[in-house]
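[1] For reference, the sequence and a predicted model appear below.
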Number of protein chains: 4
Amino acid sequence: MLPWSAEFAGRLEEDVIVSELLQGNPLGDPHERPLWVYLPPGYQEDPDRRYPVVYVIQGYTGHLTMWRNRIPFRQPFPELADAVFARAEAPPAVVVYVDAWTAYGGSQFVDSAGTGRYHSYLCDEVVPWVDGRYRTLAEPAHRAIMGKSSGGFGAMITPMLRPDLFGALATHAGDTLYEHSYVPSFAKATRFLRDYDADIWRWWDEFRSRVAFTKEADAALLEVLGVAACFSAHEDGSVELPFDPRTGVVRDDVWERWLAWDPVRMVPRYAGALRSLRAIWIDAGTKDEYCLDLGAEAFRAALREIGVSDEVIRFELFEAGHGAIEYRYPLSLAWLCHRIAA
Amino acid sequence: MLPWSAEFAGRLEEDVIVSELLQGNPLGDPHERPLWVYLPPGYQEDPDRRYPVVYVIQGYTGHLTMWRNRIPFRQPFPELADAVFARAEAPPAVVVYVDAWTAYGGSQFVDSAGTGRYHSYLCDEVVPWVDGRYRTLAEPAHRAIMGKSSGGFGAMITPMLRPDLFGALATHAGDTLYEHSYVPSFAKATRFLRDYDADIWRWWDEFRSRVAFTKEADAALLEVLGVAACFSAHEDGSVELPFDPRTGVVRDDVWERWLAWDPVRMVPRYAGALRSLRAIWIDAGTKDEYCLDLGAEAFRAALREIGVSDEVIRFELFEAGHGAIEYRYPLSLAWLCHRIAA
Amino acid sequence: MLPWSAEFAGRLEEDVIVSELLQGNPLGDPHERPLWVYLPPGYQEDPDRRYPVVYVIQGYTGHLTMWRNRIPFRQPFPELADAVFARAEAPPAVVVYVDAWTAYGGSQFVDSAGTGRYHSYLCDEVVPWVDGRYRTLAEPAHRAIMGKSSGGFGAMITPMLRPDLFGALATHAGDTLYEHSYVPSFAKATRFLRDYDADIWRWWDEFRSRVAFTKEADAALLEVLGVAACFSAHEDGSVELPFDPRTGVVRDDVWERWLAWDPVRMVPRYAGALRSLRAIWIDAGTKDEYCLDLGAEAFRAALREIGVSDEVIRFELFEAGHGAIEYRYPLSLAWLCHRIAA
Amino acid sequence: MLPWSAEFAGRLEEDVIVSELLQGNPLGDPHERPLWVYLPPGYQEDPDRRYPVVYVIQGYTGHLTMWRNRIPFRQPFPELADAVFARAEAPPAVVVYVDAWTAYGGSQFVDSAGTGRYHSYLCDEVVPWVDGRYRTLAEPAHRAIMGKSSGGFGAMITPMLRPDLFGALATHAGDTLYEHSYVPSFAKATRFLRDYDADIWRWWDEFRSRVAFTKEADAALLEVLGVAACFSAHEDGSVELPFDPRTGVVRDDVWERWLAWDPVRMVPRYAGALRSLRAIWIDAGTKDEYCLDLGAEAFRAALREIGVSDEVIRFELFEAGHGAIEYRYPLSLAWLCHRIAA
């Protein structure tokens, strides 16, 4: 393997999608969005064939270009994904890389007055756009969504909300079980806010005026601000934190709004949608810093509780933390492709 | 300072109290308990004088003899306390060191079917025993209670429950704000229980059969088991964990029982008792591993909310973690003695 | 700032250089190497003007393409460098991004029988190649070299060895003071090698057969193997570790070979070369995990000792660790350009 | 097991020894020293029997009274040692607990112009004092020395220096292999000294004026100062650090003085003494924060190198860090007693 780059067996098309739904979004983020569509080997040669589609979404702070980031002695996921098809480890599929970045670093792939309508953008704009331009099998049985971390969250909730679109999912260390994944950040954030008179906007102004992530506070404060913008914004777009920024006391009413977005808690409400899925991949590292291995266990347990068959589920914990686990994605991609192939 | 020991200016009497309330306790722990009563300098010389009393209770896993443990270049608290009076930094007081150890390492100073009646033992046996044998000012205005960690918790709740006995308190890094102090241990415990088929009793049996604290799991599992025995035991003494040991999901009903013992949440219910107190010392280290600095802030905020005057409160955060902060206790001891002196 | 990419004010040319010196290198690494040459704004418009040149080299495990990696809310260095010139914060210069990656992750920019002739490649091939193709000021007074970590090391030693080529340098957290930067890795490596019967080649074979950096051992073992290949290879290319892999005992003779490459120790031997430099930038983060802040202090002290004037030196410690400090590079780049401009 | 205390089957005599050699020691430490002599069960009943003796020495910052410190759910070593004999797990022996504390926290059990003549005090005063007052087998074959950390160091070097006195030793995580156990502290210390203008005496004055160990700097600075006082004091008692306190650069000449006290390096010089020993217990935890597991491996390798038979050596690594390993001592005590019994 050469370290610098790799040739693709398939073809990666770099498009731009002009979103109407994101126009005038509350953060002033671009409504023209990059979109990559990967066409598997053989796509050009066989002009009548239609393909299943896997939508790939990113973790918090991720944006599309970061798929090119190279870790030494490893390959970026789009290259690994290409290799899956080049080696015929899975039936060919179209792979769509979606961008849902915001000024706060992410959108959680939900519609929020605090950030924008990213859920609708994905479901009502990106999906039809892809189906309109590429030879896809445009049915939920042949459409999957996968992601890691916040992308894993998006992969869990999107099919719950839109079983008419998505029939399969893969969540790698997806956000869930918020008492363990989010609450510890509230404590950290409260401490960090001591330097900002308990006012997260003072931090935010400072954060934007200097090099990002040069203060220990940055990661936790960005996370709570960004996720609050997704889960607990008011109608007018203002953001409410789920804890008292002076004491760290969890605010029950706001917390309820967050828990309403906790996949583990959502499962019973969306039981029908979930039981309709053909394939659910769940994994996480046993040392995940956000305890998303526990979240994975809890999500599986909730699925079993509502009667989702173990046949549909692929569950695995592996020894790793939260970061640098992109080597897991080709495994779920291949597995999904087998399940959603015609 | 000689490192090995120190002479007392006052006098430390080592007693044993035979408790009726602890007889037949569920863990089979001794009902004969060591009790130390410290008499300040001058106590013998002035046979008519009566003294205020400060009760000192310990943190989790602490038992009475540990007050003798020596940290290099420091002195044990009983020596520091003696020095407070020897140097006349505070009005003389009797200081009572109470033991409430159990087989799980502590009692949280509550009555529980899981451990025993340690709250009643303290209030209805130890206090009268001391008042009966020593020249005390036997009124709440002259009786204080102080402690650290679980002892700080005990110091917060005991005057809430028994304002007829205690009129002042000092909590050093006292347990409270359980979403930040306890919940992270549930996640750790769930992971550790993977090696015990999610059965904490399998761990407990193993723990008792080998050298304690030689496994990383020991501290977190002892904590959740021990505190559950205090807060969420059934009538028959059996213990219920506040989380699903396979997934870490917090069990709402059991969690409610824990929160009913969270001092921050207890404040409104015991507003009258708390408003009757003459002195409330609250401190914690800014790097407390259990986030009890946030707990301290939250406890103060709750007190203010119910109208406790800032005049009554002494609040301080200092740069330290949770351990090795015994140098803080003489500060609160002296402050309390000034407040509860005749 | 859009997160996905940025337009350049200048122009980045992506070349390939065919090295003769790297042909048949011991690791079988490519002798055709990518090389990026950045031309500042105005370069095209002013066809007679000649420019100073700054060579930029990378840290261990870095290869050329990684300059494109994006950190959220930040920009890659080549974009930051472009901005320096676009905003006219420094006199225009050509910036050359050199690749010296090897199968072990790096070359330390030295000639070694264990890896290849990367020092000579840089000095005798890359520099003439650039001078032959671009309008440079081809004299040491107008040629600088800069880098971070191993790249900082390369930036320190290359002008020592070749003052006829380089007249200025910038080292960001450059490897030096090996008792603190390398020796701790020997201890870690010895422990990790317990799983490999103290045979680093068994680890290496395994490392290459699986996903890299999925074991805790990987980083330390790669580092000691790779640096040993640079500093303590035998004539036949075989590599000797500087410590006994069963006990961690430092091997004095091999260690001497390493110390012969410690910039702090090299300073007296290369006093003349160092005194000839026009500009020496030295910085590091105060929490550098390799203690390279101490190394920076020691390197400056050694320079002062041999009589390098403080006027020539720019020294700064800043609050950071070893990673993610690319925001420092534009500072040294601008400073160097002022010093090496005509 | 009751948590508070335990009855001894044997008898612990608390003596005081008046040392002539420690009179006028450079730090003004007491020359009257506590000394505990443990007499095994049966000692009184059998007035003609003579017993082997095991001398027990402590780790850095330890002083005699700390043997009473209680860890929850565990027992102090003197109680564990008593149990060894009470359960007849080893032939009875006299166990002598020696105090060699200094104002810097320890003496390393060497004679030093910086601290005092603690080696001679142990060998020429304590040993004869014990032999003169108790029924001992007063020969090296029946005299052992054991300790942990700095006490393990003392246990390694004392028999090297005085094989006429000691015929057996046990080192638990004993200080050795200084490149890994001490050098990392030099780096930490250098950083911490930035707040003290690189003057360790400024730190020392401050340290003594406030509560000890409330600053992160304290542990590392105390260690380097204290050990330098033992290993690299001048004749006049002044202390030289083994590194430049501004840069962390190791000072070769002072470092040589330290290495002259590194047991791993001392082995060849004291080969004869070491080959005369009857029993050598070496252990350490695999996660020892001072890498003394590597030190243990290196010490064993050095012993093998000079021809010490494996029959004489008991070697074990166990999963633990450096602290709280007192449960290991009864194992070596019993083993030693078997080896040095008549």
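    Here it is on my side, so go on. Numbering: from 1, shown residues only, chains lettered A, B, ... in the order given.

[2] does the residue of the stretch 201-342 of chain A found nearest chain C count as helix, strand or coil?
    Nearest to chain C, among the residues of the stretch 201-342 of chain A, is residue A:212, at 3.5 Å (C-beta to the nearest C-beta). C-beta here means a position set from N, CA and C on the backbone, and glycine is covered the same way. Classification of residue A:212 using DSSP: H, G, I helix; E, B strand; the rest coil returns coil.

[3] which residues touch it?
    Residue A:212 is in contact with A:218, C:71-74, counting by C-beta atoms under 8 Å, 6 or more residues apart in numbering or on different chains.

[4] Over to residue A:332?
    Contacts for residue A:332 (C-beta under 8 Å, 6+ apart) come out as A:146, A:170, A:172, A:281, A:283, A:314.

[5] Residue A:101 too?
    Residue A:101 neighbours (C-beta under 8 Å, 6+ apart): A:29, A:58, A:62-64, A:107, C:3.

[6] Please read off the pLDDT at it from the model.
    Model confidence at residue A:101, given as pLDDT, is 97.

[7] swap in residue A:342?
    Residue A:342 is given a pLDDT of 78.

[8] Distance of residue A:214 relative to residue C:83?
    The spacing between residue A:214 and residue C:83, counted by C-beta to C-beta, to the nearest Å, is 18 Å.

[9] and what of residue A:285?
    Residue A:285 is 37 Å from residue C:83, by C-beta to C-beta.

[10] what about stretch A:285-298, how long is it end to end?
    By C-alpha to C-alpha, to the nearest Å, the extent of stretch A:285-298 from end to end equals 14 Å.

[11] gap between that stretch and the chain center?
    Computed by C-alpha atoms, centre = their mean, to the nearest Å, the chain-centroid distance of stretch A:285-298 equals 16 Å.

[12] Can you give me the buried ones in it?
    A:285, A:288, A:290-298 (16 or more other C-beta atoms under 10 Å in any protein chain shown).

[13] quick revisit: now, which of the contacts of residue A:212 sits nearest residue A:165?
    Distance to residue A:165 across these (C-beta to C-beta) is lowest for residue C:72, with 28.3 Å.

[14] what about the strands in the stretch 1-150 of chain A?
    A:11-18, A:32-39, A:53-57, A:94-98, A:111-112, A:116-117, A:143-148 (DSSP state E, counting those that start in this stretch).

[15] buried sites along the second one?
    Meaning strand A:32-39. A:33-39.

[16] Filtering those by proximity to chain C, which remain?
    Filtering the buried residues of strand A:32-39 for proximity to chain C by C-beta under 8 Å from any C-beta of the partner chain leaves residue A:34.

[17] how about the contacts of residue A:212 in TSV, adding neighbour count and distance to residue C:269?
    Below are the contacts of residue A:212 laid out as TSV (neighbours: other C-beta atoms under 10 Å in any protein chain shown; distance: C-beta to C-beta, whole Å):
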residue	neighbour count	distance to residue C:269
A:218	18	43
C:71	17	38
C:72	16	44
C:73	18	44
C:74	18	39
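
[18] As CSV, the buried residues of stretch A:285-298 with distance to residue B:14, pLDDT and secondary structure would be great.
    Formatted as CSV, those follow (distance: C-beta to C-beta, whole Å; pLDDT from 0 to 100; DSSP: H, G, I helix; E, B strand; the rest coil):
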residue, distance to residue B:14, pLDDT, secondary structure
A:285, 52, 98, strand
A:288, 50, 98, coil
A:290, 50, 98, coil
A:291, 46, 98, coil
A:292, 52, 98, helix
A:293, 50, 98, helix
A:294, 47, 98, helix
A:295, 52, 98, helix
A:296, 54, 98, helix
A:297, 50, 98, helix
A:298, 51, 98, helix
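
[19] restrict the residues you listed to those near chain B?
    A:291, A:293-294, A:297-298.

[20] what about the stretch 201-342 of chain A, any weak spots by pLDDT?
    The model of the stretch 201-342 of chain A has no residue with pLDDT under 70.

[21] Which part of it gets nearest to chain D, residue-wise?
    residue A:216 (15.5 Å).

[22] Give me the three-state assignment for residue A:191.
    Strictly by three-state DSSP, residue A:191 counts as helix.

[23] Could you do the one 10 residues further on as well?
    Going by three-state DSSP, the secondary structure assigned to residue A:201 is helix.

[24] Could you report the neighbour count for it?
    10 (other C-beta atoms under 10 Å in any protein chain shown).

[25] Next: residue A:308.
    Residue A:308: 19 neighbours (other C-beta under 10 Å).

[26] Which residues are in contact with it?
    A:274-275, A:277, A:280.

[27] before we move on, the earlier item: closest one to residue B:190 out of the contacts of residue A:332, please.
    The closest of the contacts of residue A:332, once distances to residue B:190 are taken by C-beta to C-beta, is residue A:283, at 17.2 Å.
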